[in-house]
Structure formats: C-alpha cells, structure tokens
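Participant: coordinates only, sequence not included:
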C-alpha cells in the first residue's frame, strides 16, 4: 500500500483500540452506548477506504448503519428515560432499579430494548443482513476485526447486562429457542449455497452466534461458560478463515470457489491450515469449538428428542457448508489460471500459526480458560 493508505490503516486500528478500551472500561450506561455505537466508525472507514467495489461498499455501509443505529434507538430512549426519572446511569444502580424498582411491564420493555440493541450487533436472523455485505466489501483486516472483536460487542452486552436480559429470555423461553434454531438452520443453509468464500464464512458466523444464544438460554452457569468459550473459539477460527480467504483473494483476485480448483495441490501450507480450521469450524474433537458446543449441550438438564434431532441436523448442515468450500480446491484437477501462484508466505504462516496454536491449546486443555471462572464465580 502507498504510505498515506498505510498511515490511514494503522490510524484506524489505533482509534478502534482506544474506543474498545473505553467501552470495556466504562461503568456508565450513556458512555457505554456512545462507545458501543462509535465502534462502527473505524469499520465504516475500513470499508469506505479499502473496500473492493465502489457501489457495493456504499450499499454495505448503508445496511450497516441502518441495522445498528435504527435498532439501537430504543436502547437510547431507555437510557434517556432512566436518567430523566432517576438521574443515575451507573451499572450498579441500573441493576437494582431493574431488579426491584419498577413494574413487570416496564421491566420487560427495558429488557427488550437492551436485547434488541445487542442481538443486532451479534447478529441473529433476520437482523443479519448487514453482516455478509460488510464482510464481503471489507478488506481482510476489516473482516478479521469484525469477526474477532466487533461481533463480540453484542455478546458482551448480553453477558454484561444479564440481569436485564436473562429475565426476558426466561419469560419467553420457547420463542427464543425457536428463534435460535431457525437462525442457525437458515444461516447454515444459506452458507451452503454461497459461491463467494467470504460470504459463506459470514453466514457461518451467524450460525455460531445462534448457538451462543442457545448457551444463554440454558439459564445456568454452565451454559454461560459454554457461550463465553464459544465466543473465543469463534474469534480464533473465523479470523483464521477470513485470513485464508484474504490470502486467496490476494493471489487470484477472486473469492469464488470454482475459480481456484485444484489449489490444494499447489499450496500445501494453505491446504493444511484450510483443512484444520474448516474442521475446527464444525466442532471437530480437539478444537475449541468442540468443547464449547459440548458444554452448551450438556448445560441443558433434560434433552428431549426434538432438541437432539435439531442439534444433529444442525451439525450435519455445518458439515455441508464447511466441506462445500473444501471440495473444489481439494480436487486433483488443476486449472491453468492458477498454476503460477505460490503458497502462503512467512507473514501469513506466522499469523495463522498463532490462531492454530490457540485453537488447539484451548481445545486440548480447556481448563486454562475455564478454571479462572470456576475459581472466582
């Protein structure tokens, strides 16, 4: 990149880092909302400056702002109403207010506004429409930041304000069960039919975030631990998949699966990391996703036949959309258009190796992650 583009790139990274530090540090609800929405600005700049297609990236920015700002508006109204009535916005005060100080109907309204703001950022179907567009038009670094960090802000909000959200989940438990399963099945089916690699990974992210909601719906500590572990697992695996998709795009200038048929034969390092993280994405034993999904399923005290069938069918769909992206490049036929391209370079291997190491380490020894939560609970 030219020097001024390189300076803009790292300036946006530094700005995002500052916003995230302030977001995770504040204990005031209004400042939390400001930083929560301000975290979109660097992502929009990433898409606008470094996006690949002029018209499509503008559409992606419009969708991003429409879904995140419009559906966060009830959250802002709730904050302003609480401040107008009580003149306090500290998290501790909000906890006691929502727990003991208001009527049930008002409590459910406040909880719904909290939940809606966070579930769009997560996201779940049908609030996911901004995510595939943002991933496709963002550069590789923007996609990694979006999958590894920014999607987790919605999950952080659900966990941070669990005193407001969990009662809503418990009250409408069956509705949210159906919503989470529908979101998972829909995202998995749509991911299976995608030819664009980044769009397929984006829909698989929606499917995994639906499984995160299932962990919260267990309404116990084990389900919450599993959901939290799933966030870290998804950050490692999805970021690695987007790095691999970016490396393919840098070489072939295409994200279509059929274009780089036979690529695994020419790129052994790429084929190794692609196969490993694809297996990790479907919850292969020994990887972080397997532990997370196992903990979530085991968090339910009674697993009925309908739940078992739904989980088994979801696992089958995960297998389909993951290996749909592996089959074409793993075939032996090498197309003439890719014979001159090289394998991963040292920087790409260096980046992927750390994600590989963390995915394998926490998959084989999950106690490194779960033990602190068990000690300080």
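Facilitator: Cool, got the structure. No experiment lies behind these values; they were computed from the predicted model shown. Numbering: from 1, shown residues only.

Participant: C-alpha only now, for contacts and for neighbours.
Facilitator: OK.

Participant: Quick one: mean pLDDT over the one helix or strand residue 318 maps to.
Facilitator: Under the criterion of DSSP states H and E, residue 318 resides in helix 305-330. The pLDDT scores in helix 305-330 average 70.

Participant: Is residue 344 in a helix, a strand, or coil?
Facilitator: At residue 344, secondary structure determined by DSSP: H, G, I helix; E, B strand; the rest coil is coil.

Participant: Please report the number of neighbouring residues for the nearest residue to residue 94 once chain neighbours are set aside.
Facilitator: For residue 94, ignoring the flanking residues on the chain, the nearest one in space by C-alpha to C-alpha, 6 or more residues apart in numbering is residue 88 at 7.9 Å. Neighbour count for residue 88, taken as other C-alpha atoms under 10 Å: 15.

Participant: Checking my notes, residue 88 in a strand, right?
Facilitator: No. Assigned with three-state DSSP, residue 88 falls outside any strand and is coil.

Participant: Would you agree it is in contact with residue 82?
Facilitator: Yes. Counting by C-alpha atoms under 8 Å, residue 88 touches residue 82, with 7.4 Å between them.

Participant: Next one, pLDDT for residue 93 please.
Facilitator: Confidence score, pLDDT, at residue 93: 85.

Participant: what's the answer for the one 3 residues further on, then?
Facilitator: pLDDT recorded at residue 96 is 82.

Participant: Please apply the same query to residue 334.
Facilitator: Per-residue pLDDT puts residue 334 at 65.

Participant: One more: the one 5 residues further on?
Facilitator: Note on residue 339: pLDDT of 61.

Participant: Could I get the phi/psi values of the closest residue to residue 249 other than its chain neighbours?
Facilitator: Leaving aside its chain neighbours, residue 249 sits nearest to residue 255 (5.7 Å; criterion: C-alpha to C-alpha, 6+ apart). Per-residue torsions, residue 255: phi -110, psi 10 (degrees, to the nearest 10).

Participant: quick one on the thing from earlier: so the residue nearest to residue 94 versus residue 218, what's the distance?
Facilitator: 32 Å (C-alpha to C-alpha, to the nearest Å).

Participant: Residue 267 and residue 357: what is the separation?
Facilitator: Residue 267 is 20 Å from residue 357, where distance means C-alpha to C-alpha.

Participant: Could you do residue 123 as well?
Facilitator: 27 Å.

Participant: do the same with residue 271
Facilitator: Distance, residue 271 to residue 357, by C-alpha to C-alpha: 17 Å.

Participant: Comparing the two, which residue is more hemmed in?
Facilitator: For the pair residue 271 and residue 357, the greater number of neighbours falls to residue 271 (19 against 12), based on other C-alpha under 10 Å.

Participant: So that one is in contact with residue 277, correct?
Facilitator: No. Applying C-alpha under 8 Å as the test, residue 271 and residue 277 come out as separate, 10.1 Å apart.

Participant: Tell me how far the helix or strand just after the helix holding residue 318 lies from the chain's centre.
Facilitator: Using DSSP H and E, the next helix or strand after helix 305-330 towards the C-terminus is helix 346-364. Helix 346-364 sits 18 Å away from the centroid of its parent chain (C-alpha atoms, centre = their mean, to the nearest Å).

Participant: elements contacting helix 346-364?
Facilitator: Packed against helix 346-364 by the contact rule (3 or more C-alpha pairs under 8 Å, 6 or more residues apart in numbering; DSSP states H and E) you find helix 221-252, helix 268-281, helix 288-298.

Participant: Is it possible to get JSON lines of these that adds mean pLDDT and distance to residue 160?
Facilitator: As requested, the helices and strands packed on helix 346-364 are exported to JSON lines (pLDDT from 0 to 100; distance: least, C-alpha to C-alpha, whole Å):
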{"stretch": "helix 221-252", "mean pLDDT": "89", "distance to residue 160": "12"}
{"stretch": "helix 268-281", "mean pLDDT": "88", "distance to residue 160": "26"}
{"stretch": "helix 288-298", "mean pLDDT": "87", "distance to residue 160": "19"}
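
Participant: Make CSV out of those helices and add distance to residue 68.
Facilitator: As requested, the helices and strands packed on helix 346-364 are arranged in CSV below (distance: least, C-alpha to C-alpha, whole Å):
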stretch, distance to residue 68
helix 221-252, 20
helix 268-281, 26
helix 288-298, 27
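
Participant: can you tell which of the ones you listed is closest to residue 95?
Facilitator: helix 221-252 (18.8 Å; C-alpha to C-alpha).

Participant: could you give the angle of that closest one to helix 346-364?
Facilitator: 160 degrees (axes from the mean of the first three to the mean of the last three C-alpha atoms, to 10 degrees).

Participant: What's the first helix or strand after helix 221-252?
Facilitator: helix 263-266.

Participant: Can you name every helix or strand that that next one contacts?
Facilitator: Under the contact definition 3+ C-alpha pairs under 8 Å, 6+ apart, helix 263-266 sits against helix 268-281, helix 305-330.

Participant: ranking the ones you listed by burial, who's on top?
Facilitator: helix 268-281 (a mean of 20; mean count of other C-alpha atoms under 10 Å).
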